[in-house]
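Novice: next one to model:
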Amino acid sequence: MHSRRRVLRALAPGAALCVAGCSDGVDGDDSLAGTPTATASPSPTRRPGPAPAARVLGASATAADGTRVTARRWTAFASVSYEGEDGTASVDPERGRYLAYDFTIENTGDERLPAVRDTVFRLQLAGGIYRHLHSLRGVPFDRLRQPDGAPGIRPLVWYDGLAPGESVRLQLVFDVPHRPRFRHYLAWDHPEPVVDTEGVVSLWPGGADDP
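Specialist: The predicted structure follows:
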């Protein structure tokens, strides 16, 4: 029972803010199912920010090699609890919010695809570009204490490759400023053209899927 009370602790009421496409589970996996502990934003599309419209491709897009990426949702945390040497402690972000971004990668082609590198993804927010974290200021993800059934931060796990028709759900974590009025884009820099677009494209859970 004591471990159940070791949950994410926010600086304001509500432990986490889940917005932009919150749902119960992804691709048949209900490990993220549950109601967020704060009210979801009524509009994840308030301000696009300076992202070029031609490079904003909606919720998902497919590259020329058959790699399809879909932005699912993001969840923000003002502070996170973890198991320290002397009991439960908390770690705060440097910029304002920890943000866990959930997305899927699917092989829509006819041949096996190698794994894409995690470095091809960034978070784009209000003109800023942010790299993902491997720990929270030195605290490993597997030491974090998540609320039962609520969206949370998962240990960083990647994948080896995908056979035709296979997909994998992934999550990257960022430390970003608190900019609730702006879209939170998953910036994808794939080596192959994405929807005939060279270079970085931007996805967001509130966008419409590509055809």
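Novice: alpha carbons only for contacts and neighbour counts from here, please
Specialist: Fine.
Novice: so where's the protein uncertain?
Specialist: Applying pLDDT under 70 to the chain flags the ranges 1-46, 146-150, 209-211.
Novice: please repeat the previous calculation with a cut-off of 80.
Specialist: 1-47, 49-52, 84-87, 145-151, 208-211 (pLDDT under 80).
Novice: checking my notes, F103 in a strand, right?
Specialist: Yes - when DSSP: H, G, I helix; E, B strand; the rest coil is applied, F103 is found to be in a strand.
Novice: show the contacting residues for A63.
Specialist: A63 makes contact with 190, 192-196, according to Cα atoms under 8 Å, 6 or more residues apart in numbering.
Novice: give the closest residue to it in space, chain neighbours not counted.
Specialist: Spatial nearest neighbour of A63, chain neighbours left out: V194 (3.9 Å); criterion: Cα to Cα, 6 or more residues apart in numbering.
Novice: how close does that neighbour sit to T119?
Specialist: Taking Cα to Cα, to the nearest Å as the measure, V194 falls 17 Å from T119.
Novice: neighbour count winner among these two?
Specialist: For V194 versus T119, neighbours defined as other Cα atoms under 10 Å are more numerous around V194 (24 against 11).
Novice: show me what that one bridges to in the sheet.
Specialist: A63, T197 (DSSP bridges).
Novice: surely it is in contact with S60?
Specialist: No - counting by Cα atoms under 8 Å, V194 sits too far from S60 to count as a contact (10.3 Å).
Novice: most remote residue from the middle of this structure, which is it?
Specialist: D86 (30.5 Å; Cα atoms, centre = their mean).
Novice: can you give me phi and psi for that residue?
Specialist: D86 adopts backbone torsions of phi -110, psi 30, taken as degrees, to the nearest 10.
Novice: give me every residue that touches the residue sitting nearest the centre point of the chain.
Specialist: By Cα atoms, centre = their mean, the chain has its centre lying nearest to Y101, at 0.6 Å. By Cα under 8 Å, 6+ apart, the contact set of Y101 is 71-75, 171-174, 186.
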